[in-house]
Every structure is written in C-alpha cells, then in structure tokens.
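Asks: Structure of the sequence below:
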Amino acid sequence: MRFLVGCFCLKQRHSSGLDDHLLTLASQTAFTVNEVEALYVLYEKLSRSLIDDGLIHKEEFLLGMFECSNKQNLMADRLFDLFDMKRNGVIEFGEFVQSLNVFHPRTPESVKIAFAFRLYDLKQTGYIDREELKEMVLATISETGSMIAEDVIEAIVDKTISEADMTGDGRISPEEWKQLVARNPALISNMTLPEIKEVTIAFPSFITLTRVKDWELQSESRELFW
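Replies: Residues are numbered from 1 along each chain as shown. So this is what the prediction gives:
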C-alpha cells in the first residue's frame with residue numbers, strides 16, 4: 001500500500017469543528033495532531049480524485065492506494081471493506097484515520113493481529129477456513145508478481161492449517177490465529193508501515209499551519225490522567 005505524496009498546501013483555515021475532530025482522532029490513535037492534519041489533506045486529495053464529494057469511493061481507494069481502479073485485487077478489496085466501517089460503500093475521514101492507525105508502528109500488536117485475522121476471514125464467519133487461506137495466499141503471491149507452482153501453494157496452505165488448527169476442526173479461530181502469529185511474527189509484518197510516522201515530513205507546511213498544536217493534546221492528556 002502506498003500513500004499519495006506531493007506538495008499540497010492548506011488553502012483555508014480550519015473550522016473549529018474540524019479542529020475538534022482532528023484533536024479527537026489524534027487522542028484516539030497513535031497519530032499526532034500534525035499527522036492527522038496531514039492525513040486530512042491526503043484524504044481530501046484522494047476523495048476528490050474521481051468523484052468530487054469529499055468521500056473515498058472504492059475506485060478512488062484502489063487508484064490512490066494501489067495504483068489500480070479496475071484490476072481485480074482481492075487484498076485491495078478486503079482492505080476497502082475493512083476501512084469502510086459503516087458498511088455504506090464509502091470511506092469517511094474518521095474511518096480513514098482509524099484504519100490507517102492499525103499500520104502505525106506504535107499501535108499495539110494485538111490490534112494488528114485482530115485486523116489481519118479479519119482481513120483473512122473473507123466470509124466473515126469468525127474463522128479462517130482452508131479456502132479463505134488459499135485465496136489470500138494466492139492474492140499475496142499475485143501482488144509480488146511471483147510464479148509459484150500449484151502444489152507448492154497447496155503445501156503452504158496445508159502446513160499453515162496443520163500448524164494453527166489446534167482443535168482439528170479444519171479452520172483457524174481468532175485464538176489459534178493469535179498463537180500462530182506468536183510463533184510466526186512475519187505473518188503480520190505487513191501490518192506495520194514505518195513511513196506513516198513520516199507523513200508530516202512530506203508536508204512541512206503543516207507544522208506551522210496546524211491550529212491545534214501537539215502540545216495542547218499532550219496537556220489535555222495530562223489533565224485526563226493526573
């Protein structure tokens with residue numbers, strides 16, 4: 001997944017309502033206020049790339065994050081579905097920030113594990129079965145452009161199921177998935193994107209244009225916990 005990057009400037013001052021929203025999102029995620037504001041400008045650019053309505057539609061999401069709009073992409077489709085928390089066919093700004101927070105380096109591993117499980121649970125049954133696992137393995141291989149023989153893919157799927165399925169029911173439960181990841185941390189390596197922390201570096205003007213400063217958020221946090 002990639003971010004849209006470039007030199008964008010804030011054309012007008014934020015309303016107090018938007019400032020409050022930025023502050024709230026920063027308090028609920030690992031992002032600083034400056035980073036949330038940078039994400040807001042990225043969101044605005046992305047949400048008006050094809051349909052100028054301030055909401056991210058699936059085609060805009062695929063084009064902006066995966067450089068594709070019509071090409072079949074299971075991983076991209078699943079991410080869009082998970083980002084669309086309200087299940088209304090679009091991604092709102094709050095959903096955008098909260099979903100990207102999963103990939104922040106400071107986000108707890110338990111959150112990343114749970115998100116990855118939902119990513120693989122294609123049928124949304126609360127379990128990952130063999131068919132779902134194979135589909136995601138194929139999608140991952142397709143993304144890398146690698147060519148792997150069918151029997152090798154089958155072996156990978158069989159080995160994963162046998163290692164994870166402690167109850168012998170042929171599927172992986174959330175707890176079994178958690179234990180599998182504990183033994184194989186690389187399974188969630190793509191759940192952390194270090195460049196997310198550097199979002200304001202690509203947009204240095206945000207540091208001076210942000211109305212709600214990071215120190216204000218830190219001050220409010222101290223008042224809440226002390």
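
Asks: Provide a list of residues in contact with the residue nearest the centre of the chain.
Replies: For the chain, the residue sitting closest to the mean C-alpha position, by C-alpha atoms, centre = their mean, is Leu100 at 3.9 Å. The contact partners of Leu100, taken as C-beta atoms under 8 Å, 6 or more residues apart in numbering, are 39, 196. Just so you know, the C-beta spots here come from the backbone N, C-alpha and C atoms, and that holds for glycine as well.

Asks: do the one 4 residues further on as well
Replies: Residues near His104 by C-beta under 8 Å, 6+ apart: 29-31, 192-193, 196-197.

Asks: Just the buried ones from those residues, in PyMOL syntax?
Replies: Those of the contacts of His104 that count as buried under 16 or more other C-beta atoms under 10 Å are selected in PyMOL with:
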select buried, resi 29+30+31+193+196
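
Asks: Pipe the contacts of His104 into CSV and attach distance to Lys58 per row.
Replies: Putting the contacts of His104 into CSV (distance: C-beta to C-beta, whole Å) gives the following:
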residue, distance to Lys58
Thr29, 23
Ala30, 26
Phe31, 24
Thr192, 25
Leu193, 21
Ile196, 22
Lys197, 27
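
Asks: coming back round to it: what about the residue nearest to the centre of the chain, which helix or strand?
Replies: Per DSSP states H and E, Leu100 falls inside helix 93-100.

Asks: now the helices: where do they sit in this structure?
Replies: Here the chain has its helices, by DSSP state H, at 16-28, 33-47, 58-66, 74-83, 93-100, 109-120, 130-144, 150-164, 174-183, 205-209, 214-225.

Asks: Same list, the ones you listed, but as a markdown table with mean pLDDT please.
Replies: Compiled in a markdown table, the helices of the chain are given as follows (pLDDT from 0 to 100):
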| stretch | mean pLDDT |
| --- | --- |
| helix 16-28 | 89 |
| helix 33-47 | 90 |
| helix 58-66 | 85 |
| helix 74-83 | 92 |
| helix 93-100 | 96 |
| helix 109-120 | 97 |
| helix 130-144 | 89 |
| helix 150-164 | 94 |
| helix 174-183 | 97 |
| helix 205-209 | 38 |
| helix 214-225 | 36 |
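
Asks: what's the most buried one of those?
Replies: helix 33-47 (a mean of 22; mean count of other C-beta atoms under 10 Å).

Asks: Just the angle for that one relative to helix 93-100, thanks.
Replies: On the basis of axes from the mean of the first three to the mean of the last three C-alpha atoms, to 10 degrees, helix 33-47 is oriented at 110 degrees to helix 93-100.

Asks: Which other helices and strands does helix 33-47 contact?
Replies: With contacts defined as 3 or more C-beta pairs under 8 Å, 6 or more residues apart in numbering; DSSP states H and E, the packing partners of helix 33-47 are helix 16-28, strand 56-57, helix 58-66, helix 93-100, helix 205-209, helix 214-225.

Asks: which neighbours does the second one have in its sheet, and in what orientation?
Replies: Strand 56-57 has these partner strands in its sheet, going by DSSP bridges: strand 90-91 (antiparallel).

Asks: Kind regards, and thank you for your time.
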